[in-house]
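Colleague: The following block contains a protein sequence and its predicted model.
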Amino acid sequence: MSIRFKIFLAFFLLFVVGIFQITRNFRDDVRKSYLESLEENMVDSANILAEITAGHYRNGKFDLSFLTNSMQRVAKRQPGARIYKLLKNKIDADIYITDNQGIILFNSKEPKSAGRSFAGWNDVNKCLKGEYGARATRLDKDDPTSSVLHIAAPIKVDGQLVGVLTFIKPIKFTSFFIEERKEALVKNAIFISLIAFVIFIIFSEWIAAPVLRLTKYVKTLSSGKSPEYPHLGHGEISKLGAAFEEMRIKLDGKKYVEDYVRTLTHELKSPISAVRGAVELLEDPDLPVEQRKKFLAMINHENERMGVQVDRMLHLSRLEGHRAGIKVEDVDIALLLHEIVFDCETLNIIKRNFKCTVAREELLLSGDRFLIKEALNNLVRNAIDFTSEKDLIELKAFRRTDKIVIEVIDNGTGIPDYARDRIFERFYSLARPVSGQKSSGLGLSIVRQIARLHEGEISLHPNIPKGTKAVLELRCS
């Protein structure tokens with residue numbers, strides 16, 4: 001499981017749990033708020049009707065004939081009120097009135113209940129005691145939307161309690177609004193979740209990106225390449241990357257010095273031994289003049305060999321340490337290849353057949369012309385060393401997306417299978433087929449470092465049917 005997915009999953013699960021809890025609580029609050037609003041309006045209605053009814057109390061009795069006629073007409077009314085999505089075409093409110101003992105005097109919904117005692121009902125009972133009287137009764141115990149609210153208000157004449165009026169209203173229409181709000185709430189929650197899903201993907205990518213860049217950088221380093229240090233932002237990951245890079249530089253420096261000393265010591269051991277042996281022989285006063293000249297020539301040759309080895313090693317060291325002082329300029333690869341062929345054909349003692357094929361498109365890149373030419377000269381020199389005079393050496397150059405590709409192809413002896421994995425190692429060299437001698441083994445290492453300094457790479461491939469194809473890729477300007 002990737003770190004990006006873990007971050008996304010953690011944040012998204014927290015969000016889903018939070019939005020679920022908020023939605024659930026809000027749904028409960030919506031129901032409660034609607035019912036509270038309904039009850040508050042019913043309290044007003046009950047008290048208004050109670051005062052109207054109190055005006056029809058005379059001589060210790062209620063004259064409720066006006067209510068009978070009025071409620072019958074109310075039952076027939078069709079308001080035709082469009083309340084958002086609800087069309088209300090029926091008055092669903094009722095009232096009943098009891099005396100100060102709780103006996104029904106009037107009931108708009110059930111006229112036949114007159115004379116019955118409602119003193120035991122909460123709304124009437126509490127109101128008779130001077131308290132706020134209210135109750136909710138379900139018509140269907142399994143259906144919460146079938147509840148009917150009863151709100152009681154005292155009927156007082158000259159400060160004396162003479163009866164109770166209860167205002168009755170079912171909550172089915174209110175439940176319609178409640179369910180509609182709940183549905184809208186769920187839709188909004190889903191919509192917000194989808195937006196959050198996208199945001200969390202972007203957010204997790206933003207958090208994980210520096211980690212992934214650092215991971216890619218480390219993997220590229222472990223493969224032997226020298227990638228550019230990635231941008232890691234300014235957070236904790238940046239500090240981790242900086243600490244890692246500092247450690248890598250120190251370890252690389254220590255390892256490089258160890259490798260440098262070891263390889264240079266190994267390469268100089270043989271010529272130093274030869275010089276030491278020759279010096280010992282030259283100390284013999286009876287050594288013939290011809291032998292003395294021979295040993296002096298050998299000392300001079302080994303001295304030059306050590307000098308070349310040290311110079312090339314120092315040059316490689318500067319390249320690997322990025323201290324080469326690259327001079328950036330526009331380099332015409334086509335012109336450079338023709339120049340190399342001209343030098344080989346006119347200035348070199350060794351003659352070869354060259355074929356130079358360059359694409360017609362402009363082949364310009366920004367880089368150090370001297371170093372690029374040195375890399376190409378190394379590749380051409382290798383091709384010369386491993387081919388006979390009759391073999392063809394072909395140079396090609398063309399553009400591939402954002403890179404210029406240069407190929408040096410020969411029909412020589414090729415690279416043995418056992419040497420393919422070591423061909424770019426310092427000081428590793430193969431015997432030349434004609435002379436049997438080996439080179440310093442630093443040429444291809446120098447080519448690789450020059451390629452890396454120009455954000456490119458070098459690779460060697462078998463040429464069909466025989467020989468080697470060296471491919472140098474450099475980033476275009």
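Modeller: That came through fine.
Colleague: in terms of contact, does Ala54 touch Ala153 like I think?
Modeller: No - look at Ala54 against Ala153 with CB atoms under 8 Å: they stay out of range, at 10.1 Å. All C-beta atoms are positioned from the backbone trio N, CA, C, and that covers glycine.
Colleague: higher neighbour count, those two?
Modeller: A count of neighbours by other CB atoms under 10 Å puts Ala153 above the other of Ala54 and Ala153, at 25 against 17.
Colleague: Okay, and the more buried one sits in which element?
Modeller: Per DSSP states H and E: Ala153 is located in strand 147-157.
Colleague: Can you pull up the most central residue in the chain?
Modeller: The centre of the chain sits closest to Glu205, judged by CA atoms, centre = their mean, with a distance of 1.9 Å.
Colleague: ok but that residue is inside a helix, no?
Modeller: Yes - under DSSP: H, G, I helix; E, B strand; the rest coil, Glu205 falls within a helix.
Colleague: And the residue nearest to Val447 when sequence neighbours are not counted, how far from His461?
Modeller: Closest residue to Val447 apart from its sequence neighbours, by CB to CB, 6 or more residues apart in numbering: Ala375 at 4.5 Å. Ala375 is 17 Å from His461, where distance means CB to CB, to the nearest Å.
Colleague: The two: who's more crowded?
Modeller: Ala375 (27 against 13).
Colleague: May I have the residues that are in contact with that one?
Modeller: Applying CB atoms under 8 Å, 6 or more residues apart in numbering to Ala375 gives the contacts 446-447, 450-451, 458, 472.
Colleague: Which of these sits closest to Lys169?
Modeller: Ala451 (86.8 Å; CB to CB).
Colleague: list the contacts for the closest one?
Modeller: 375, 457-458, 472-474.
Colleague: and it, what helix or strand is that in?
Modeller: Using DSSP H and E, Ala451 sits in helix 443-453.
Colleague: for that helix, the distance to its chain's centre please.
Modeller: Relative to the centre of its chain, helix 443-453 is centred 34 Å away, using CA atoms, centre = their mean, to the nearest Å.
Colleague: which helices and strands sit right next to whichever helix or strand comes after that helix?
Modeller: Next along the chain after helix 443-453, taking DSSP H and E as the criterion, comes strand 457-462. Secondary-structure packing of strand 457-462 (3 or more CB pairs under 8 Å, 6 or more residues apart in numbering; DSSP states H and E): helix 443-453, strand 468-475.
Colleague: per-residue confidence averaged over the longest one?
Modeller: Okay, so that is helix 443-453. For helix 443-453, the mean pLDDT works out to 80.
Colleague: and what of stretch 122-131?
Modeller: 93.
Colleague: which residues are contacting that stretch?
Modeller: Under CB under 8 Å, 6+ apart, the answer for stretch 122-131 is 98, 100, 102, 118-119, 132-135, 150-154, 161, 164, 166.
Colleague: mind running it again at 10 Å?
Modeller: By CB atoms under 10 Å, 6 or more residues apart in numbering, the surrounding residues in contact with stretch 122-131 are 46, 50, 96, 98-104, 117-119, 121, 132-137, 149-155, 161, 163-168.
Colleague: For it, buried residues please.
Modeller: Neighbour-count burial for stretch 122-131, with 16 or more other CB atoms under 10 Å as criterion, is recorded at 123-128.
Colleague: so where is the stretch 51-200 of the chain shaky, pLDDT-wise?
Modeller: 84-86, 173-186 (pLDDT under 70).
Colleague: ok, which stretches of it are helices?
Modeller: Shown for the stretch 51-200 of the chain, the helices assigned by DSSP state H, counting those that start in this stretch span residues 65-76, 122-128, 172-222.
Colleague: With the stretch 201-350 of the chain instead?
Modeller: Assigned by DSSP H, counting those that start in this stretch, the helices in the stretch 201-350 of the chain fall at 236-282, 289-320, 333-346.
Colleague: any idea which of the ones you listed scores lowest on pLDDT?
Modeller: helix 236-282 (a mean of 66).
Colleague: Averaged pLDDT, stretch 373-390. What do you get?
Modeller: Stretch 373-390 shows a mean pLDDT of 82 in the predicted model.
Colleague: pull the CA atoms of it into PDB?
Modeller: Output of stretch 373-390 as PDB, limited to C-alpha atoms (Å, rounded to 0.1, in the frame of the first residue of the first chain):
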ATOM      1  CA  LYS A 373      34.000  16.500 -28.700                       C
ATOM      2  CA  GLU A 374      36.200  14.700 -26.200                       C
ATOM      3  CA  ALA A 375      33.400  12.200 -25.500                       C
ATOM      4  CA  LEU A 376      32.900  11.600 -29.300                       C
ATOM      5  CA  ASN A 377      36.600  11.300 -29.900                       C
ATOM      6  CA  ASN A 378      36.800   8.600 -27.200                       C
ATOM      7  CA  LEU A 379      34.000   6.600 -28.800                       C
ATOM      8  CA  VAL A 380      35.500   7.000 -32.300                       C
ATOM      9  CA  ARG A 381      39.000   6.000 -30.900                       C
ATOM     10  CA  ASN A 382      37.400   2.800 -29.400                       C
ATOM     11  CA  ALA A 383      35.800   2.000 -32.700                       C
ATOM     12  CA  ILE A 384      39.200   2.500 -34.400                       C
ATOM     13  CA  ASP A 385      41.000   0.300 -31.900                       C
ATOM     14  CA  PHE A 386      38.600  -2.600 -32.300                       C
ATOM     15  CA  THR A 387      38.400  -2.700 -36.100                       C
ATOM     16  CA  SER A 388      40.700  -3.400 -39.000                       C
ATOM     17  CA  GLU A 389      41.600  -1.000 -41.700                       C
ATOM     18  CA  LYS A 390      39.000  -2.500 -44.100                       C
END
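Colleague: So which bits of it are buried?
Modeller: Along stretch 373-390, these residues count as buried under the neighbour rule (16+ other CB under 10 Å): 373-376, 378-387.
Colleague: Just say helix, strand or coil for the closest residue to Leu444 other than its chain neighbours.
Modeller: Computed as CB to CB, 6+ apart, the closest residue to Leu444 that is not its neighbour in sequence is Phe424, at 5.2 Å. Recorded secondary structure, Phe424: coil (three-state DSSP).
Colleague: contacting residues around Phe424?
Modeller: With CB under 10 Å, 6+ apart, Phe424 has these contacts: 224, 441, 444-445, 447-449, 458-460.
Colleague: Quick check: phi and psi at it.
Modeller: Main-chain dihedrals, Phe424, degrees, to the nearest 10: phi -100, psi 10.
Colleague: Now do the same for it: its pLDDT.
Modeller: 74.
Colleague: what do you get for the one 3 residues further on?
Modeller: Here the pLDDT value assigned to Phe427 is 65.
Colleague: shouldn't His461 be in contact with Ile423?
Modeller: No - counting by CB atoms under 10 Å, His461 stays clear of Ile423, with 11.3 Å between them.
Colleague: shared neighbours of these two, anything?
Modeller: 415, 468.
Colleague: picking up where we left off before, the strand holding Ala153 pairs with which strands, and in what direction?
Modeller: As defined by DSSP bridges, the strand partners of strand 147-157 come to strand 134-138 (antiparallel), strand 160-170 (antiparallel).
Colleague: Could you list the buried residues of that strand?
Modeller: For strand 147-157, by 16+ other CB under 10 Å, it's 147-155.
Colleague: next one: stretch 359-369
Modeller: Across stretch 359-369, burial judged by 16+ other CB under 10 Å covers 363-365, 367-369.
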